[in-house]
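> Return a 3D structure for these sequence lines:
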Amino acid sequence: MADEIYDVVIVGGGPAGYTAGIYTSRGGLRTLVLTGPLPGGQLVNTTEVENYPGFAKGILGPNLMTEMKDQTKRVGAEVVDKQVVDVDFSKRPFVVKTRKDSFSGKSVIIATGANPRKLGVKGELEYSGKGVSYCALCDGPFFKDKVLVIVGGGDAAMEEANFLTKFASRVHLVHRRDEFRASKVMQDKVFANKKIEVHWNTELEEVKGDKMIGSVVLKNNKSGESSEMEVGGVFISVGHVPNTSLFEGKVELDKQGYLVLKEGMMTSVDGVYAAGDVHDHKYKQAVTAAAFGCMAAIEAERGLGEKG
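Next up, the predicted model:
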């Protein structure tokens with residue numbers, strides 16, 4: 001394996017990585033996709049996906065990822081469920097290492113994604129996918145006429161709180177401080193929405209329920225008092241953590257740890273591209289990740305063509 005040189009090595013097995021693999025393989029490039037030990041990205045932890053085009057009745061997240069993986073393999077990509085532990089981008093061919101193997105590539109596409117930042121409170125992980133969500137745009141329509149809690153204080157939390165009022169009977173916006181960090185225009189929209197109630201100096205302390213979420217415990221961090229509230233869902237909007245620790249010092253990252261794009265989908269290293277949530281601060285949707293994967297693949301193909 002160490003002696004083989006691929007045209008493209010793709011690191012990551014979510015929508016971005018698989019889509020990139022489909023395009024590079026169909027473009028005639030010898031492609032290796034290293035998915036990691038748990039391929040599929042964030043969608044493997046979701047239930048029904050209703051907003052991915054092509055599935056009129058929706059599709060389960062894990063099933064969508066299995067379909068993408070099978071398609072990537074069918075068009076000719078080599079897909080290996082191994083985790084990358086180190087990279088060397090100092091010269092071509094680039095070297096990508098797993099625990100036991102080393103792979104060389106004329107180009108690399110980084111598609112390692114990002115994970116929602118967790119609160120770390122009791123019951124949060126237990127009820128993830130059972131009433132606890134990290135994406136209002138993805139899951140909001142499943143919570144019609146429910147009383148919902150959303151945790152956060154930035155622009156994303158404001159936007160998601162307003163979005164949830166399209167479906168919820170009431171939205172409780174919980175923030176640990178006495179002021180939001182969101183922009184004024186986003187705050188004004190929240191304050192003007194009669195279906196949103198703001199809870200200042202308040203923290204989510206516990207998520208409770210049976211098979212599905214049933215209530216939350218909220219704590220006022222000024223008074224120290226806790227109270228329990230019956231709810232139909234909790235949305236956590238406190239940011240994302242890009243999976244880029246592996247690339248520190250190898251390519252340029254911004255202050256939040258996202259990959260910095262220099263031109264198109266190119267990172268700070270010529271021949272190393274990025275695709276999906278690993279660089280995307282804004283959209284964080286499966287369909288946009290797939291689109292970024294397509295763009296990175298096309299740019300990699302063109303870049304290799306220019307170099308002969």
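> in what helix or strand does the closest residue to F180 other than its chain neighbours lie?
Using CB to CB, 6 or more residues apart in numbering and skipping residues adjacent in sequence, the residue nearest F180 is G153, 4.5 Å away. To be clear about C-beta, it is placed using only N, CA and C from the backbone, and glycine gets the same treatment. Using DSSP states H and E, G153 is not contained in any helix or strand.
> Let me see the contact set for G153.
175-177, 180-182 (CB atoms under 8 Å, 6 or more residues apart in numbering).
> Got the confidence number for it?
With respect to pLDDT, G153 has a value of 96.
> mind pulling up the phi and psi values for it?
Note on G153: its backbone torsions stand at phi -150, psi 10 [degrees, to the nearest 10].
> Max pairwise distance over the contacts of G153: which two?
R176 and A182 (13.8 Å; CB to CB).
> the more surrounded of the two?
Using other CB atoms under 10 Å, the more surrounded residue of R176 and A182 is A182, with 21 against 16.
> Settle this for me: that one is touching A157, isn't it.
Yes: between A182 and A157 there is a contact at 6.9 Å, judged by CB atoms under 8 Å.
> Quick one: the strands in the stretch 101-250 of the chain, in order.
102-110, 114-116, 132-133, 147-151, 170-174, 196-199, 202-209, 213-220, 226-230, 233-236, 240-242 (DSSP state E, counting those that start in this stretch).
> To Q42, which of these lies closest?
With distances scored as CB to CB, the stretch of these nearest to Q42 is strand 114-116 (6.9 Å).
> Identify all contacting residues around the closest one.
42, 134-135, 236, 238-243, 258, 277-278, 280, 284.
> So how do I select the buried members of those in ChimeraX?
Buried members of those can be picked out in ChimeraX with the line below, counting by 16 or more other CB atoms under 10 Å:
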select :42,134,135,236,238,240,242,243,258,277,278,280,284
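> Report the lowest-confidence entry in the contacts of strand 114-116.
Ranking those by pLDDT puts Q42 at the bottom, with 75.
> what residues are up against that one?
14, 113, 115-116, 277.
> Can I get those in CSV including distance to V80?
Shown next, in CSV, are these (distance: CB to CB, whole Å):
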residue, distance to V80
G14, 15
G113, 17
N115, 22
P116, 27
D277, 21
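> Going by neighbour count, which of those are buried?
14, 113, 116, 277.
> Run through the bridge partners of the third one.
Counting by DSSP bridges, P116 is bridged to H240.
> mind checking how far it is from G123?
Distance, P116 to G123, by CB to CB, to the nearest Å: 16 Å.
> The second one too?
Computed with CB to CB, the distance linking G113 and G123 is 25 Å.
> swap in the first one?
Using CB to CB, we find G14 at a distance of 27 Å from G123.
> As a check, name the ranges of all helices in the protein.
15-26, 61-74, 136-139, 155-164, 184-192, 286-307 (DSSP state H).
> burial count for V44?
Neighbours around V44, by other CB under 10 Å: 17.
> Please read the previous query as pertaining to M158.
Counted with other CB under 10 Å, M158 comes out at 27.
> just R92 next, same as before
Neighbours of R92 (other CB under 10 Å): 16.
> isn't it right next to V269, touching?
No: counting by CB under 8 Å, V269 is not a contact partner of R92; they are 9.9 Å apart.
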